[in-house]
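> predicted structure and sequence below. I'll ask about it afterward.
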Amino acid sequence: MARIAGPSSFAFIAVRPTGGKRFGVRQARNLSGLAESLRQENQVLLRSWTLPTWASREAKLSLSDHVTLNEQLGQLLSRGVPLVEALEVTAATVRGATKPRILRMRELVASGTSFAAACRTVGGFDTVTIAVYQGAERTGDLAGAAKQLAETARRQMKVQGKAATLMIYPAIVMSISLVVGMVMLTVVVPMIGEGLEKADIKLPWFSQMVMGAGAWMQRNLTYLLMGVAGLAVLLLVFRMGVLKLVQQFMRRAPLIGDVVLAQESARFFSVMAAMTRTGVPMADALAVANQAVNHPSLRKQLERLRTRLIDGGILRSLIEEVKEFPIATRRLLIAAERSGDMESAFTTLAGDMTDEVDRRSSRMLAFLEPLLIVVMFAMIGSLLLSIMLPLMSLSSKIGS
């Protein structure tokens, strides 16, 4: 089969219906396709530039896009609406940035391309989603697979929301503490230090150390800002390595490691539920679902399970060797394998693990709140203490 040419990326200037101009970046087959996609949004193309390959990387569909797309497809296809018409209706419900991609999929499907191949051609879909669509097309249950993928995306949005809360909340608190501490250290502390020196007040060693550091930072503020900017650039350049280090720390940390493991398990069971629904063999389903797992230990155990299953191992015995799963989870999978209802077990476990992420995240936040208060007191309280000690000494001298 001939390979369908992928879309190109264009930077463009278009005229809006209100008369204003719009600059944007969009993928299209060619210049005519770009003009047509803009015309469907009542915009007129003025100028366009073809972007080079290194600059034309387009982001994947967001989880909200996946939910909208699969919910619409599941509802329409289950009611007998042809796929081409279902995609046309879906294009009217997604975000404006996603609409051209859905319309391109509609064109490909109308020309005889399979739905999974159309998703692969337009880009933005991960390998797990495409594999689920391929299995669904083989079994003729694309509507059921779309509904399952919509539910999976909803679970992932819930899990990611909890994970974002765990990361953003401490980051905001620590950022505020650092900003307040830096302002006090570079502005307030040196001013008070100069006043105390003029009053000929003998400073305690702790106050001398803090005020000396503040005075030095005030004199070299330009170089400090340059150093912070350089550090930010290094973090941006080596962000992938930094992200890996952060992920390793999160997996090994006492409380947050449990949250990460529950999050990875929820993702794995959600994918397995979608794969088994489409009738994909267990070994093939594991090959796809394992790609959604980033936890090294869990992924290694699941890969070993798949390899030994292909070699003729018994699934119920191999499940016992996945020690990263709780014993209750393993027992449920073994019981489901004996009864031949793995799909229901995976669906149930996906929901249970999502709820477990919610519970563990709440416990983690309950632990972080007092810990952050202690850290804030240690940072800002030490600065206040360096100021209060000489002031207390001054007040005692005045009183005597």
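Arrived safely. Numbers count the residues shown, from 1 in each chain.

> where in the stretch 251-400 of the chain is pLDDT low?
Residues of the stretch 251-400 of the chain that meet the criterion pLDDT under 70 lie in 393-400.

> would you agree Trp49 falls within a strand?
Yes: under DSSP: H, G, I helix; E, B strand; the rest coil, Trp49 falls within a strand.

> how about it: what's its closest non-neighbour residue?
Excluding its sequence neighbours, the residue lying closest to Trp49 (Cβ to Cβ, 6 or more residues apart in numbering) is Ala11, at 4.7 Å. The way it works is simple: take the backbone N, C-alpha and C, and place the C-beta from them, glycine included.

> now swap in Glu88 and tell me
Arg106 (5.6 Å).

> burial of the one you found, as a residue count?
20 (other Cβ atoms under 10 Å).

> which residues touch it?
By Cβ atoms under 8 Å, 6 or more residues apart in numbering, Arg106 lies in contact with Val84, Leu87, Glu88, Ala91.

> can you tell me the helix or strand for it?
According to DSSP states H and E, Arg106 maps onto helix 99-110.

> is it fair to say Leu365 lies in a helix?
Yes: counting by three-state DSSP, Leu365 falls inside a helix.

> that one touches Met167, doesn't it?
No: under the criterion of Cβ atoms under 8 Å, Leu365 makes no contact with Met167, lying 11.3 Å away.

> point out where the stretch 51-200 of the chain drops to low pLDDT.
Applying pLDDT under 70 to the stretch 51-200 of the chain flags the ranges 52-59, 163, 199-200.

> mind doing that once more with 80?
Scanning the stretch 51-200 of the chain for pLDDT under 80 picks out 51-61, 96-97, 100, 123, 156, 158-170, 189, 192-200.

> give me the packing partners of the helix or strand hosting Ser177, helices and strands only.
Applying DSSP H and E as the criterion places Ser177 in helix 142-183. Other helices and strands packing on helix 142-183, by 3 or more Cβ pairs under 8 Å, 6 or more residues apart in numbering; DSSP states H and E, are helix 63-78, helix 127-139, helix 256-277, helix 342-399.

> relative to helix 256-277, how tilted is the second one?
This points to helix 127-139. Relative orientation of helix 127-139 versus helix 256-277 (axes from the mean of the first three to the mean of the last three Cα atoms, to 10 degrees): 20 degrees.

> about what we covered before: wait, which of the helices and strands packed on helix 142-183 is closest to Pro204?
When those are compared by Cβ to Cβ, helix 342-399 sits nearest Pro204, at 4.9 Å.

> tell me which other helices or strands the closest one touches.
Secondary-structure packing of helix 342-399 (3+ Cβ pairs under 8 Å, 6+ apart): helix 142-183, helix 189-198, helix 205-219, helix 256-277, helix 327-339.

> switch to 10 Å and redo it
If you count contacts as 3 or more Cβ pairs under 10 Å, 6 or more residues apart in numbering; DSSP states H and E, helix 342-399 packs onto helix 142-183, helix 189-198, helix 205-219, helix 256-277, helix 282-289, helix 327-339.

> quick one, phi psi at Arg22?
Dihedral angles of Arg22 (phi, psi; degrees, to the nearest 10) stand at phi -130, psi 130.

> what about it, distance to Gln43?
As defined by Cβ to Cβ, to the nearest Å, Arg22 lies at a distance of 7 Å from Gln43.

> between these two, which one's more packed in?
Legend: neighbour count by other Cβ under 10 Å for Arg22 and Gln43, higher for Gln43 (18 against 13).

> what score does that one have for pLDDT?
Residue-level confidence at Gln43 comes out at 82, pLDDT.

> is it true that it touches Phe23?
No: in this structure Gln43 lies outside contact range of Phe23 using Cβ atoms under 10 Å: 11.6 Å.

> between those two, which contacts overlap?
Here Gln43 and Phe23 have Phe12, Ala14 as joint contacts, going by Cβ atoms under 10 Å, 6 or more residues apart in numbering.

> helix/strand/coil for the residue nearest to Leu221 when sequence neighbours are not counted?
Excluding the flanking residues, the one nearest Leu221 by Cβ to Cβ, 6+ apart is Thr186, at 6.3 Å. Under three-state DSSP, the three-state class of Thr186 is helix.

> quick one: contacts for Thr186?
Neighbour list for Thr186: Ala213, Gly214, Ala215, Trp216, Met217, Gln218, Arg219, Asn220, Leu221, Leu224 [criterion: Cβ under 10 Å, 6+ apart].

> got a quick PyMOL command for the buried subset of these?
Command for PyMOL, covering only those of the contacts of Thr186 found buried under the criterion 16 or more other Cβ atoms under 10 Å:
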select buried, resi 214+215+217
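
> can you tell me the centre-most residue of the chain?
Most central in the chain under Cα atoms, centre = their mean is Gln160, positioned 6.1 Å from the mean C-alpha point.

> wait, it sits on Ser361?
No: counting by Cβ under 10 Å, Gln160 does not reach Ser361; the two are 11.1 Å apart.

> between the two, which contacts overlap?
Residues touching both Gln160 and Ser361 (Cβ under 10 Å, 6+ apart) are Gln263.

> residues in contact with stretch 341-351?
With Cβ under 10 Å, 6+ apart, stretch 341-351 has contacts from 148, 151-152, 155-156, 265-279, 282, 285, 289, 315, 325, 328-329, 332-337, 339, 356.

> could I get the buried residue list for it?
Neighbour-count burial for stretch 341-351 flags Met342, Glu343, Ala345, Phe346, Thr347, Leu349, Ala350, Gly351 (criterion: 16+ other Cβ under 10 Å).

> distance check, the second one against Arg155.
Right, Glu343. Going from Glu343 to Arg155 by Cβ to Cβ gives 16 Å.

> ok, now the fifth one?
Using Cβ to Cβ, one gets 10 Å for the distance from Thr347 to Arg155.
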